[in-house]
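Enquirer: take this sequence and fold it.
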Amino acid sequence: MSNIKTLDFSFRAAPFPGKWLMNAANISFSYQNDAPLLINGLTVAVGKNDRIAIIGKNGKGKTTLLDILAGELQPQTGTIQYSQNLSVAYFGQTNVNRLNPQKTIEQEIMDTNSDCSKGVARKICGTMMFSGDNALKKVEVLSGGEKSRVLMGKLLVTPANLLLLDEPTNHLDMESIDSLVEAIEAFDGGVIIVTHSELILNAVATRLIVFDNGKVTVFEGTYQEFLDRVGWESERVDEDEDNRSNSRQNKNINKKELRRLRAQLNESRSKTLGPLQKMIVDMEKNIMLLEKDVETESLALVEASEKSDSKAISRLSVSINKLNNRIAAIFKKLESLINEHDVKSKEFEQRLTELQKEC
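Expert: Model prediction:
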């Protein structure tokens, strides 16, 4: 995502008359019969207005659980009952592999919903930062972050009463994350989200599914209530081990110090990302101007062809080719800058999360 302006998210809610969307009872799962269970005896009921966050360290089974709840994996034991009127929209990091590389972004959006008109698809493309002719790019030329934006666009035109979101903020800046939070809050349905972002957790989650120290449990409450009342068992184990050799450090920073450190981090973030944002905006403007030049030259070429003006045809053909080469070169630099911006933005969010944990 180019991270230049806030994205206008708005999920489409499908009608749902009942109270419960699904009930998972005593489900267990492992990818190999002789391997330890990733999920063991989990029972959870998902309500119409639930905001459930799945939390835990990487590789512990969070995405696997989301796949099971989506019906893409079958539990080895236990059952999952789905409401007759359940309609699921699933945003998963690995789902980019399901995009058709030969389709354009616009086609992918339109093919998601038969009621989606070309005008609506173009609007969604613009929301996902594929404005104008960028909507006609083929999926095969897109970066990983751009493909994730296409998936999110498909989600916006999918009527659903249950959203399953796997790390949806990976390619969003802070303002777009705020917009996503607002869309989740306004959504008339249930939401289950896998995220490491404490900003999302504190803003959205009212229930938790916690992967911690080899177990998976349901916590009825917010993320802050979980930290205050339960906390991470794995972190307590790690702390006990660390205390044998090193004294605990950086645990006594008061709130005033936390505000100061956060202010410093935000200032550093602005100084780092600000110039990148300006360069991206300038490049996008430059591309638009060059595309207009191509359009003008192309019209002139048509007129020259009608008049059989060979000199003008030759000159205009060379000019158009040079303009297209310049556009392609700028697009390449632009993609590199966007990826750099995404990486640095994610690093700053991670540093903020670590600072909050430290304090």
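Enquirer: you'd agree Ile287 is in a strand?
Expert: No: according to DSSP: H, G, I helix; E, B strand; the rest coil, Ile287 belongs to no strand; its state is helix.
Enquirer: and it, how far is that from Asn134?
Expert: 9 Å (C-beta to C-beta, to the nearest Å). In short, each C-beta sits where N, CA and C put it, glycine included.
Enquirer: now Asp50
Expert: Asp50 is 36 Å from Asn134, by C-beta to C-beta.
Enquirer: again with Tyr31
Expert: 39 Å.
Enquirer: those two - which one has more neighbours?
Expert: Asn134 (19 against 11; other C-beta atoms under 10 Å).
Enquirer: wait, the more buried one touches Glu106, no?
Expert: No: when contacts are counted by C-beta atoms under 8 Å, Asn134 is not listed as touching Glu106 (9.6 Å).
Enquirer: which neighbours do the two share?
Expert: Cys125 (C-beta atoms under 8 Å, 6 or more residues apart in numbering).
Enquirer: who does Leu164 bridge with?
Expert: Tyr90, Ile192 (DSSP bridges).
Enquirer: could you count how many residues lie near it?
Expert: When neighbours are counted by other C-beta under 10 Å, Leu164 comes out with 24.
Enquirer: now the phi/psi pair for Pro36, please.
Expert: phi -60, psi 150 (degrees, to the nearest 10).
Enquirer: how about the helices in the protein?
Expert: 62-69, 105-112, 118-127, 144-156, 174-186, 198-204, 223-229, 233-243, 255-306, 310-358 (DSSP state H).
Enquirer: redo those helices as JSON lines? Include mean pLDDT.
Expert: As requested, those are exported to JSON lines (pLDDT from 0 to 100):
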{"stretch": "helix 62-69", "mean pLDDT": "92"}
{"stretch": "helix 105-112", "mean pLDDT": "90"}
{"stretch": "helix 118-127", "mean pLDDT": "85"}
{"stretch": "helix 144-156", "mean pLDDT": "83"}
{"stretch": "helix 174-186", "mean pLDDT": "79"}
{"stretch": "helix 198-204", "mean pLDDT": "87"}
{"stretch": "helix 223-229", "mean pLDDT": "90"}
{"stretch": "helix 233-243", "mean pLDDT": "59"}
{"stretch": "helix 255-306", "mean pLDDT": "81"}
{"stretch": "helix 310-358", "mean pLDDT": "82"}
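Enquirer: mean neighbour count for those - can I get that in CSV?
Expert: Shown next, in CSV, are the helices of the chain (neighbours: other C-beta atoms under 10 Å):
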stretch, mean neighbour count
helix 62-69, 22
helix 105-112, 21
helix 118-127, 18
helix 144-156, 22
helix 174-186, 17
helix 198-204, 19
helix 223-229, 15
helix 233-243, 12
helix 255-306, 14
helix 310-358, 15
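Enquirer: wait, which of those helices is closest to Ile192?
Expert: Ranking those by their distance to Ile192 (criterion: C-beta to C-beta) puts helix 62-69 first, at 6.5 Å.
Enquirer: correct me, but Phe103 touches Lys137?
Expert: Not quite, residue 103 is Lys, not Phe. No: the criterion here is C-beta under 8 Å, and Lys103 misses it with Lys137 at 10.1 Å.
Enquirer: contacts for stretch 138-152, please.
Expert: 1, 9, 91-93, 95-96, 99-105, 108-109, 128-130, 168, 170-171, 335, 338-339, 342.
Enquirer: ok now it, how far from the chain's centre?
Expert: Put simply, stretch 138-152 sits 11 Å off its chain's centre (C-alpha atoms, centre = their mean, to the nearest Å).
Enquirer: span of it from start to end?
Expert: 16 Å (C-alpha to C-alpha, to the nearest Å).
Enquirer: what's around Asn95, how many residues?
Expert: Neighbours of Asn95 (other C-beta under 10 Å): 16.
Enquirer: tell me who's in contact with it.
Expert: Asn95 touches Leu151, counting by C-beta under 8 Å, 6+ apart.
Enquirer: what score does it have for pLDDT?
Expert: We have a pLDDT of 73 for Asn95.
Enquirer: before we move on, what about the one 5 residues further on?
Expert: What the model reports for Asn100 is a pLDDT of 89.
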